[in-house]
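**Q** Structure for this input, please:
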Amino acid sequence: MTRPLNRDCSLEELERDRWPAPSADDTRLVATALALRRRPIGELTVEDMRLLIGQDIGLPHLLPLALEVLRDNPMAEGHMYEGDLLSAVLTRNPSVWAECSELSRELRVIVLKLTGLPPDLQQKVERFLAP
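**A** Next comes the predicted model:
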């Protein structure tokens, strides 16, 4: 997960995996995620990353980008609430963090500096930090 990121490529290009176009029966979430997979990752907004990361889509490429944002603004906000990107990142399966220990260490550094978090976000931080 520490390889250089080509921000001009989409997740489809980076993963060499083209997903089908959304069907009429797909939810708005599915249609949005499919469209975002076709957008260059350098053009993704905080909300775009929050949505994709929350769906476990493109994690090897998006977690490094999300940590860049969180390094500068740990409480970066998409369309949900202050800190929603951090929440999405913190709640990934622990196996994801085991596979990318460098990013995990960086996230630990970021969250250990935070104080006065809302209770729900504080609980997510504590679960992430727990052994």
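
**Q** C-alpha from now on. contacts and neighbour counts both.
**A** Fine.

**Q** Next, the contact list for the residue nearest the centre of the chain, please.
**A** With the centre of the chain defined as its mean C-alpha position, the nearest residue by Cα atoms, centre = their mean is residue 53, 3.6 Å away. Listed by Cα atoms under 8 Å, 6 or more residues apart in numbering, the contact set of residue 53 reads 59, 62-63, 88-89, 92.

**Q** give me that answer again for 6 Å
**A** The neighbours of residue 53, taking Cα atoms under 6 Å, 6 or more residues apart in numbering as the test, come to nothing; the list is empty.

**Q** so where does it fall, helix or strand?
**A** Element membership of residue 53 [criterion: DSSP states H and E] is helix 46-54.

**Q** hang on, the earlier thing: any idea how far the residue nearest to the centre of the chain lies from residue 24?
**A** In this view, residue 53 and residue 24 are 24 Å apart by Cα to Cα, to the nearest Å.

**Q** hang on, the earlier thing: ok, so what distance separates the residue nearest to the centre of the chain from residue 116?
**A** Relative to residue 116, and taking Cα to Cα, residue 53 is found at 24 Å.

**Q** which stretches of this protein have low pLDDT?
**A** Where the chain drops to pLDDT under 70, the residues are 1-3, 131.

**Q** all helices for it, in order.
**A** For the chain, the helices identified by DSSP state H occupy 11-15, 28-37, 46-54, 59-72, 84-90, 94-99, 101-112, 119-129, in order along the chain.
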